[in-house]
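Provided below are the primary sequence and the corresponding predicted coordinates.
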Amino acid sequence: MIAMSEKNIPQKNIYIDKQSGKDFERPQYKRLVKRLKPGDLLYILSIDRLGRNYEEIQRQWRVLTKDIGIDICVIDMPLLDTRNGKDLMGTFIADLVLQILSFVAQSERENIKKRQAEGIAAAKAKGVKFGRPEKSVPDDFPRLIREWEKNKLSFSELLERCNMSEATFYRRLREYRLVNKRK
């Protein structure tokens, strides 16, 4: 936001996606692209803010600059400003820099995923549990099920006595029936 305000870009023209840049299926990005018209100038803080997929960044860059006909200025990389160097050499340099930065962006994304997976594996090896704590069934669960099946207990009352959501109840019911089927 600071970089955009320094370029005097009105708030209504700033698009921020909260999602990962792994692909271009981002709501704000799609809104931005629909609004762009030939001759517009798009500021991007850095190429990894555009995306983190090498081939997709290349493709989107072509869509924006060639198909739609806008200029792009990557703020932290002055070589990636399509307003400058529209000749063959300028285009070549911009394409080369774009390819390198796109590669770096995707490599960083892959490294982050790899480090995350390693961290999760290390935590699991130490016995760390992920997700919500498992909801245990009450001691009188079999009796409550029988009463509910005989319509002596309403479903909402059953859920309340079990202290479970509907989804959790049905999962525990399936597990209970599976175990008791084998006996």
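Here it is on my side, so go on.

Helices of this protein, residue ranges please.
Here the chain has its helices, by DSSP state H, at 2-6, 27-35, 47-50, 54-62, 88-125, 141-149, 155-162, 166-182.

Ile68 is nearest to which of the ones you listed?
helix 27-35 (7.4 Å; CB to CB). For the C-beta atoms, the positions are set from N, CA and C on the backbone; glycine is no exception.

can you list contacts of the helix-or-strand element of the chain with minimal mean pLDDT?
Least confident helix or strand of the chain, by mean pLDDT, DSSP states H and E, is helix 47-50 with a mean of 80. Helix 47-50 is contacted from outside by 21, 44, 57, 60-61, 74, 77, 80, 98, 101-102, 104-105, 108, using CB atoms under 8 Å, 6 or more residues apart in numbering.

Please parse this structure into its domains.
With domains defined by automatic domain parsing, the chain comprises 2-114, 141-182.

on that earlier part again, of the contacts of helix 47-50, which count as buried by neighbour count?
For the contacts of helix 47-50, a burial check counting by 16 or more other CB atoms under 10 Å picks out 21, 44, 57, 60-61, 74, 77, 80, 98, 101-102, 105.

As TSV, these with distance to Arg132 and pLDDT would be great.
Output for those, formatted as TSV (distance: CB to CB, whole Å; pLDDT from 0 to 100):
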residue	distance to Arg132	pLDDT
Gly21	29	64
Ile44	38	89
Ile57	37	84
Gln60	38	86
Trp61	42	86
Val74	42	88
Met77	43	82
Leu80	44	81
Leu98	43	80
Leu101	40	82
Ser102	38	83
Ala105	34	81
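
related to what we said a few turns ago, is it possible to export the domains of the chain to CSV including distance to Ile120?
Shown next, in CSV, are the domains of the chain (distance: least, CB to CB, whole Å):
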stretch, distance to Ile120
domain 2-114, 11
domain 141-182, 24
